[in-house]
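>>> the sequence isn't on hand, but the structure is:
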């Protein structure tokens, strides 16, 4: 069973490293078997059959993993995920077994490593949207739908939706695009009962997180979750409600009809598509290294999101 679970996780996360500007070499640790290198996380298996997830400082944009890292990013994602796991525990259990550093692991893994139970991963990214933007906006502009769900006329970039919606996507390999799919397609892949459970849990978790974020002056525009099964139990896995997996907007600057200021890597995307970078995202050329001011500003946004949400200074 563990072998099946390990395989399903790797299939979900994508089994290649296309999309990397510079392919990272996995760190070898006694007692750990390297399984997979993802956009941000490196995945290992320990001798007990648990998964060891290490959140790097890598950052991706436009289907590329960039050659420049953002200091402390992996620790922010890990610490923030743990904070959210505590606040969601009554809604859905999580996959964390331990935060202890595995014996023999490098010191840099401290604060960015989770030991997790192996799960039968669901091959779908579970996305909840409370506001219209991104790929949802692009579909809406064409058809007045998002993932086949009809929405009212008159919505613009940043509009709050009448109610949050479940807009799942297939998980692409590194270097490829995720693809939005309908609820019916999810039901075809995993069964109607499981699809309904995924939708219900996704929207319940989103509603809880939206209300918590709102109390702290942050709009949770949308977010994505990954789930797996431990026997018959649905478990939330990977990272949750971080700037990498969510769109966080400052509530006092929200203004529908334009792109919103955000606490995520939009600053990196904006620089990559600016004349300053000299990069054409439509070409097959990899993106350039990030300048130091972009690195520092991006790091500051990740830390600000962490501090505002948790009410705790970063240290």
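Received, thanks. Nothing here was measured: the structure is a model prediction, and the numbers come from that model.

>>> can you give me the strands in the stretch 51-200 of the chain?
Here the stretch 51-200 of the chain has its strands, by DSSP state E, counting those that start in this stretch, at 51-55, 60-61, 64-65, 96-98, 113-116, 120-121, 126-131, 145-146, 149-150, 160-166, 169-170, 179-180.

>>> what segments of the chain are helices?
In the chain, the helices defined using DSSP state H lie at 2-13, 73-88, 134-143, 183-190, 192-215, 266-272, 292-310.

>>> and those helices, which is most packed in?
Stretch with highest mean neighbour count among the helices of the chain: helix 73-88 (a mean of 20; mean count of other Cβ atoms under 10 Å). Yep, even glycine has a C-beta here, placed from its N, CA and C like the rest.

>>> quick one on the thing from earlier: possible to save the helices of the chain as JSON lines with mean pLDDT and distance to residue 221?
Converted to JSON lines, the helices of the chain look like this (pLDDT from 0 to 100; distance: least, Cβ to Cβ, whole Å):
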{"stretch": "helix 2-13", "mean pLDDT": "46", "distance to residue 221": "24"}
{"stretch": "helix 73-88", "mean pLDDT": "98", "distance to residue 221": "16"}
{"stretch": "helix 134-143", "mean pLDDT": "92", "distance to residue 221": "8"}
{"stretch": "helix 183-190", "mean pLDDT": "94", "distance to residue 221": "20"}
{"stretch": "helix 192-215", "mean pLDDT": "98", "distance to residue 221": "9"}
{"stretch": "helix 266-272", "mean pLDDT": "90", "distance to residue 221": "11"}
{"stretch": "helix 292-310", "mean pLDDT": "96", "distance to residue 221": "13"}
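
>>> now these as CSV including distance to residue 51?
Output for the helices of the chain, formatted as CSV (distance: least, Cβ to Cβ, whole Å):
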stretch, distance to residue 51
helix 2-13, 7
helix 73-88, 14
helix 134-143, 29
helix 183-190, 21
helix 192-215, 21
helix 266-272, 28
helix 292-310, 24
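
>>> can you add distance to residue 294 and give the strands of the stretch 51-200 of the chain back as CSV?
Below are the strands of the stretch 51-200 of the chain laid out as CSV (distance: least, Cβ to Cβ, whole Å):
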stretch, distance to residue 294
strand 51-55, 21
strand 60-61, 11
strand 64-65, 15
strand 96-98, 32
strand 113-116, 27
strand 120-121, 34
strand 126-131, 26
strand 145-146, 31
strand 149-150, 36
strand 160-166, 30
strand 169-170, 28
strand 179-180, 29
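
>>> closest to residue 305 out of these?
Of all those, strand 51-55 sits nearest to residue 305, with 15.1 Å by Cβ to Cβ.

>>> what helices or strands is that closest one leaning on?
Strand 51-55 is packed against strand 41-46, helix 73-88, strand 113-116, with contacts defined by 3 or more Cβ pairs under 8 Å, 6 or more residues apart in numbering; DSSP states H and E.

>>> give me the helices and strands touching the second one, please.
So the one you mean is helix 73-88. Judged by 3+ Cβ pairs under 8 Å, 6+ apart, the packing partners of helix 73-88 are strand 51-55, strand 113-116, helix 192-215, helix 292-310.

>>> rerun at 10 Å
The elements that helix 73-88 packs onto, with contact taken as 3 or more Cβ pairs under 10 Å, 6 or more residues apart in numbering; DSSP states H and E, are strand 41-46, strand 51-55, strand 96-98, strand 113-116, helix 192-215, strand 233-237, helix 292-310.

>>> of those, which is nearest residue 264?
It is, among those and with distance given as Cβ to Cβ, helix 292-310, at 7.0 Å.
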